[in-house]
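J.: Task: produce atomic coordinates for the following.
(one chain, ligands or ions: 1)
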Amino acid sequence: MNGQAGHCAIYPGSFDPFTKGHLDVVERAAQIFDQVIVAVVVNPQKRDPLFSLDEREQMIRDAVAHLPNVTVDHFGGLLADFVRERDATVIVKGLRVVSDFESEMSTALMNRSLSKVDTVFLPSDPRWSFVSSTLVKEVFNLGGDIADFVPPAVLRVMSAKRSTPRPAKR
Ligand code: PNS
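T.: Sure thing, here's the model as predicted:
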């Protein structure tokens with residue numbers, strides 16, 4: 001129990017980039033649990049990250065600066081090992097759409113089997129249920145306005161990184 005009374009929650013993810021949907025989950029988790037650690041995975045499995053680990057961590061730190069019981073850290077390897085290392089009592093995941101549930105369910109059961117720690121799912125606020133990091137990057141790379149979908153701290157870093165779209169293949 002992290003040497004202190006109360007629940008320490010780990011909110012893991014790639015956060016490439018951290019969206020307003022992620023921020024909403026962190027804000028709600030911070031009201032439920034005593035401590036929340038946003039845990040940035042070092043090497044996201046799905047693809048090469050657009051943002052370096054340092055960039056992702058710093059953007060999140062800026063975005064959650066108003067939440068005194070939230071810290072930001074990173075992990076490589078198994079989430080279950082990080083959970084044990086930090087003596088966390090719960091893993092938090094956001095669910096945007098019903099189809100998220102299928103893979104999240106088996107992941108939660110595997111993590112519980114490995115670490116004895118349960119996963120709590122928070123349903124996404126409907127305002128953000130269509131907002132994924134992948135879609136935000138696509139809109140951004142094609143020159144669209146993403147200001148509604150990412151916290152201001154993330155928008156600043158992304159604007160500085162804006163690249164020209166690649167010509168479409170024929
Ligand atoms: O934001 P994402 O990409 O959905 O986050 C996925 C993440 C980082 C939570 C997941 O890939 C993960 O936990 N990776 C660590 C490796 C691990 O523990 N794998 C076994 C999970 S059962």
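
J.: What parts of the chain come near the ligand?
T.: Within the chain, the positions near the ligand by Cβ under 6 Å from any ligand atom are 12-14, 41, 44-46, 78-80, 107, 110-111. Just so you know, the C-beta spots here come from the backbone N, C-alpha and C atoms, and that holds for glycine as well.

J.: what's the most distant pair in these?
T.: Spatial extent of these (Cβ to Cβ) is set by the pair Lys46 and Ala80 at 19.4 Å.

J.: Same drill for those two, tell me which one is more crowded.
T.: Using other Cβ atoms under 10 Å as the criterion, Lys46 and Ala80 rank with Ala80 on top: 17 against 9.

J.: give me the element the more buried one is part of.
T.: helix 79-85 (DSSP states H and E).

J.: returning to what we had before: is it possible to get a markdown table of the residues of the chain next to the ligand that adds pLDDT and secondary structure?
T.: Formatted as a markdown table, the residues of the chain next to the ligand follow (pLDDT from 0 to 100; DSSP: H, G, I helix; E, B strand; the rest coil):
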| residue | pLDDT | secondary structure |
| --- | --- | --- |
| Pro12 | 98 | strand |
| Gly13 | 97 | strand |
| Ser14 | 97 | coil |
| Val41 | 97 | strand |
| Pro44 | 83 | coil |
| Gln45 | 80 | coil |
| Lys46 | 68 | coil |
| Leu78 | 97 | coil |
| Leu79 | 98 | helix |
| Ala80 | 98 | helix |
| Thr107 | 97 | helix |
| Met110 | 98 | helix |
| Asn111 | 98 | helix |
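
J.: Generate a PyMOL selection restricted to the buried subset of the residues you listed.
T.: Only the buried entries of the residues of the chain next to the ligand go into this PyMOL selection, using 16 or more other Cβ atoms under 10 Å:
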select buried, resi 12+13+14+41+44+79+80+111
